[in-house]
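K.L.:
Pasting a predicted model and its sequence here:
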2 protein chains.
Amino acid sequence: MADKVERVDRKLVYQGHIFDVYTDYVKVHEDRIAEWDFIKHKGAAAAVAVLDDGRLLMVKQYRNALDRYTIEIPAGARDSEEEPTEICAARELEEETGYRSEHLEFLIRLRTTVAFCDELIDVYVAKDLIPSKQHLDEDESIDLEAFTVEELCEKIYQGEIQDSKTVASILAYKDKYLK
Amino acid sequence: MADKVERVDRKLVYQGHIFDVYTDYVKVHEDRIAEWDFIKHKGAAAAVAVLDDGRLLMVKQYRNALDRYTIEIPAGARDSEEEPTEICAARELEEETGYRSEHLEFLIRLRTTVAFCDELIDVYVAKDLIPSKQHLDEDESIDLEAFTVEELCEKIYQGEIQDSKTVASILAYKDKYLK
């Protein structure tokens, strides 16, 4: 393998609704160019929404990719790659849960699937929640439910919560804030 | 929004090297069919590889999608959707680290990016590691390094480790095994 892997070309092969697909041409040996899939995504943000009693506010929604309902932390894509993730997290929190917060603390940055996609999700902890109003996108339908951190950890280990941003964020919140 | 979201069609729009891209036609209102991107992936497995001194064995590799080196737990795709993830985890552990284990314990199942992809990663804890031999794929180049769990948590909160499977798995290992 070459000491330095070098991308020599990137070609758009499919334009999706929420991402674009490219073929990357990568020099992996002196005499070999490999073709690797690459998905370009505009990035996202999410919030660990903490109620005054310590429970976390979760969203339950149908996910077409899994063909079932999931339990996730509130999250959503940025309007553009330029949107600051803190703005996006505040908006998605309010739109999906009907609560807003003037107090977002950065928790972790995640990359969802580094083998083929550049999607990032910045996760914030939202406390001192203020009741506001849910504004869902036209194609969204979301139910809200609050759980204790211990209930959520049980759901993680039992496989009821599998979404990687949700698993990572709940465990990071527990590790950093509750030990 | 319809009470029951219903997929009425799925069309292959691009065949990649490691996944396929589809457009799904989803009935979200009585009178509205939405088009949603869907990526079909054959699934993967990963291992939290625990050395006898408690440090975790991590792989450092170039990731084209991020155009930089990452620190991750050993992982890799299944040969097919039928391959049991425990077999895949054992193989990837040995291929990437040069250690094998006869003692894999299931830790968590992750879905990397539920908004548009069905990729799953089953994560196992591998203890009692036995020196064997690294066998990398033709296009792989991997360096190994061991860190304590506390060092890894610092790297997560400082943003040096962002890969969602790695963040979720280290924190789950810490939460379940070290508290």
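P.N.:
Thanks, I have it.

K.L.:
tally of neighbours for the residue nearest to residue A:67 when sequence neighbours are not counted?
P.N.:
The shortest distance from residue A:67 to any non-neighbouring residue, by C-beta to C-beta, 6 or more residues apart in numbering or on different chains, is to residue B:7 (7.3 Å). For every residue, glycine as well, the C-beta is placed using N, CA and C. Other residues lying near residue B:7 total 14 when counted by other C-beta atoms under 10 Å in any protein chain shown.

K.L.:
Likewise for residue A:136?
P.N.:
With other C-beta under 10 Å as criterion, residue A:136 counts 13.

K.L.:
repeat for residue A:13
P.N.:
Counted with other C-beta under 10 Å, residue A:13 comes out at 16.

K.L.:
okay, which residue of chain A is out on the far edge from center?
P.N.:
residue A:31 (38.3 Å; C-alpha atoms, centre = their mean).

K.L.:
And residue A:40, how far from residue A:165?
P.N.:
Applying C-beta to C-beta, to the nearest Å, the value for residue A:40 to residue A:165 is 19 Å.

K.L.:
Please, where are all the strands along chain A?
P.N.:
A:6-15, A:20-29, A:32-40, A:44-50, A:56-63, A:68-72, A:75-77, A:99-100, A:104-111, A:120-126, A:130-131, A:142-147 (DSSP state E).

K.L.:
Deepest-packed of those, please.
P.N.:
Ranked by mean neighbour count, the strands of chain A are led by strand A:44-50 with a mean of 27 (mean count of other C-beta atoms under 10 Å in any protein chain shown).

K.L.:
Pull it out as CSV, backbone CA atoms only.
P.N.:
Provided in CSV are the C-alpha atoms of strand A:44-50 (Å, rounded to 0.1, in the frame of the first residue of the first chain):
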residue,chain,number,x,y,z
ALA,A,44,-26.9,17.5,11.1
ALA,A,45,-27.4,18.3,14.8
ALA,A,46,-29.1,16.7,17.7
ALA,A,47,-30.1,17.5,21.3
VAL,A,48,-30.2,15.5,24.6
ALA,A,49,-33.2,17.2,26.0
VAL,A,50,-33.2,17.1,29.8
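
K.L.:
and it with strand A:56-63, angle?
P.N.:
140 degrees (axes from the mean of the first three to the mean of the last three C-alpha atoms, to 10 degrees).

K.L.:
can you list the residues that contact strand A:44-50?
P.N.:
A:56-57, A:73-78, A:85-86, A:88-90, A:92-93, A:97, A:99, A:101, A:104, A:107, A:119-127, A:129, A:165, A:169-170, A:173 (C-beta atoms under 8 Å, 6 or more residues apart in numbering or on different chains).

K.L.:
Same check on stretch A:98-105?
P.N.:
By C-beta under 8 Å, 6+ apart, stretch A:98-105 touches A:47, A:49, A:57, A:86, A:89-90, A:93-94, A:124-134, A:144.

K.L.:
rerun that using 10 Å as the cut-off
P.N.:
For stretch A:98-105, contacts defined as C-beta atoms under 10 Å, 6 or more residues apart in numbering or on different chains pick out A:45, A:47-51, A:57, A:74, A:85-87, A:89-91, A:93-94, A:122-136, A:142, A:144, A:176-177.

K.L.:
Check chain A and tell me which residue is nearest its centre.
P.N.:
residue A:121 (4.5 Å).

K.L.:
Look up how far residue B:24 lies from that residue.
P.N.:
22 Å.

K.L.:
Residue A:157 now?
P.N.:
31 Å.

K.L.:
quick one: residue A:85 and residue A:123 touch, right?
P.N.:
Yes: between residue A:85 and residue A:123 there is a contact under C-beta atoms under 10 Å: 8.8 Å.

K.L.:
what residues are shared contacts of these two?
P.N.:
With C-beta under 10 Å, 6+ apart, residue A:85 and residue A:123 have common neighbours A:44-46, A:104, A:106, A:109.

K.L.:
Just send those residues back as JSON lines, with distance to residue A:149 and pLDDT too.
P.N.:
Output for the shared contacts of residue A:85 and residue A:123, formatted as JSON lines (distance: C-beta to C-beta, whole Å; pLDDT from 0 to 100):
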{"residue": "A:44", "distance to residue A:149": "23", "pLDDT": "98"}
{"residue": "A:45", "distance to residue A:149": "21", "pLDDT": "98"}
{"residue": "A:46", "distance to residue A:149": "16", "pLDDT": "98"}
{"residue": "A:104", "distance to residue A:149": "19", "pLDDT": "97"}
{"residue": "A:106", "distance to residue A:149": "19", "pLDDT": "98"}
{"residue": "A:109", "distance to residue A:149": "21", "pLDDT": "98"}
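
K.L.:
Can you tell me which of those is nearest chain B?
P.N.:
residue A:109 (5.1 Å; C-beta to the nearest C-beta).

K.L.:
which residues does that closest one bridge with?
P.N.:
residue A:122 (DSSP bridges).

K.L.:
for the residue nearest to the centre of chain A, what are its contacts?
P.N.:
A:41, A:43-46, A:73, A:75-78, A:85, A:88-89, A:108-112, A:164-165, A:168-169, B:113, B:162, B:164.
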